[in-house]
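[1] here's a sequence, model it:
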Amino acid sequence: MEEVKFINQSTWKQKLNTYKKHPGSFLMLLLVGLSAVATMGLLLFLIAYILMKGVPHLTADLFAWEYTSENVSMLPAIINTVFMTAISLLIAVPCGIGAAIYLAEYAKRGNTFVKVIRLMAETLSGIPSIVYGLFGMLCFVTTLGWNYSLLAGACTLSIMILPLILRTTEEALLSVPDSYREASFGLGAGKFRTILKIVLPSAVPGILAGVILAIGRIVGETAALLYTSGTVAEVADSLFASAETLALHMWVLSGESLYTNQAYATAVVLLVVVVLINGLSGMVAKKIAKQ
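    Numbering: from 1, shown residues only. Just a heads-up that it's a prediction; the model follows:
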């Protein structure tokens, strides 16, 4: 114990001497610490504000199977959110991972085509969601004649999250050491088998991180779905039925002065859903990484 205390004291003395010699380092440490405290404080304030405003107004009527103007149930919106998320990921994840595998494994590194694809993906990531909504309305709702539907909203969201999944997956694949590939080739494995058995399992945590971010964006999206999926507060019975998601349901309630308390209660449920999705996805990623 005495040796540990002596080591800690000597470490602190070294840090103090370093800060005395370089005041700029201490100033940078102070600014970084204040930024971390401010960010954490703001996050805790938002969570506490939503819980204080919404938890007292959580009632059983908000989870009724059918929506009426009296109970303004959010259960149909929750079910539609699950459907929307599943369909969007079913479209975007295979396309994003496949494109990332081509860019990271098959295309020549430094190729101009690869640079153009990366630039386009980064550009698409910065486009406002309402632009995607207008595109989805013109393409899927009007041109293809799908009207306001679950499928139109899911296709729009899949285009929106595709650049995110592509870039995160590509970075995860590029982070896998080349020695893994060389060892697999040395044992006689082919290109496809090496990617399938060695590279992809090693990159799963990074890929799942991108999928988690994509899920969060889908669950919290409103502007794009306002022009594509519609605001019918019923459980979608088909892909071409209008579907209102949880975030869109909250936006509709907040726009009506009669249901402000219910909107806060919906925000609490939305917060819990996002936390649960992130927590479960993180647990899955850790288990896969250990294996």
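[2] please make it C-alpha for all contacts and neighbour counts, starting now.
    OK.
[3] low-confidence ranges in the protein?
    1-26, 285, 288-291 (pLDDT under 70).
[4] check contacts around Gly190.
    Residues near Gly190 by C-alpha atoms under 8 Å, 6 or more residues apart in numbering: Ser184.
[5] distance check, it against Leu196.
    Distance, Gly190 to Leu196, using C-alpha to C-alpha, to the nearest Å: 10 Å.
[6] just Leu151 next, same as before
    31 Å.
[7] swap in Leu103?
    15 Å.
[8] of those two, give the one with the bigger neighbour count.
    Legend: neighbour count by other C-alpha atoms under 10 Å for Leu103 and Leu196, higher for Leu103 (23 against 12).
[9] OK, contacts around the more buried one?
    Leu103 neighbours (C-alpha under 8 Å, 6+ apart): Val114, Glu170.
[10] and it, which of the three is it?
    helix (DSSP: H, G, I helix; E, B strand; the rest coil).
[11] tell me the SS of Cys155?
    Per three-state DSSP, Cys155 ends up helix.
[12] so what's it closest to, chain neighbours aside?
    Using C-alpha to C-alpha, 6 or more residues apart in numbering and skipping the chain neighbours, the partner closest in space to Cys155 is Ser88 (6.4 Å).
[13] burial count for the one you found?
    Using other C-alpha under 10 Å, Ser88 has 26 neighbouring residues.
[14] contacting residues around Ser88?
    Going by C-alpha under 8 Å, 6+ apart, Ser88 touches Ala154, Cys155, Leu157, Ser158.
[15] would you list these in JSON lines and tack on neighbour count and distance to Leu42?
    What follows is these, written out as JSON lines (neighbours: other C-alpha atoms under 10 Å; distance: C-alpha to C-alpha, whole Å):
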{"residue": "Ala154", "neighbour count": "28", "distance to Leu42": "32"}
{"residue": "Cys155", "neighbour count": "19", "distance to Leu42": "34"}
{"residue": "Leu157", "neighbour count": "29", "distance to Leu42": "29"}
{"residue": "Ser158", "neighbour count": "25", "distance to Leu42": "31"}
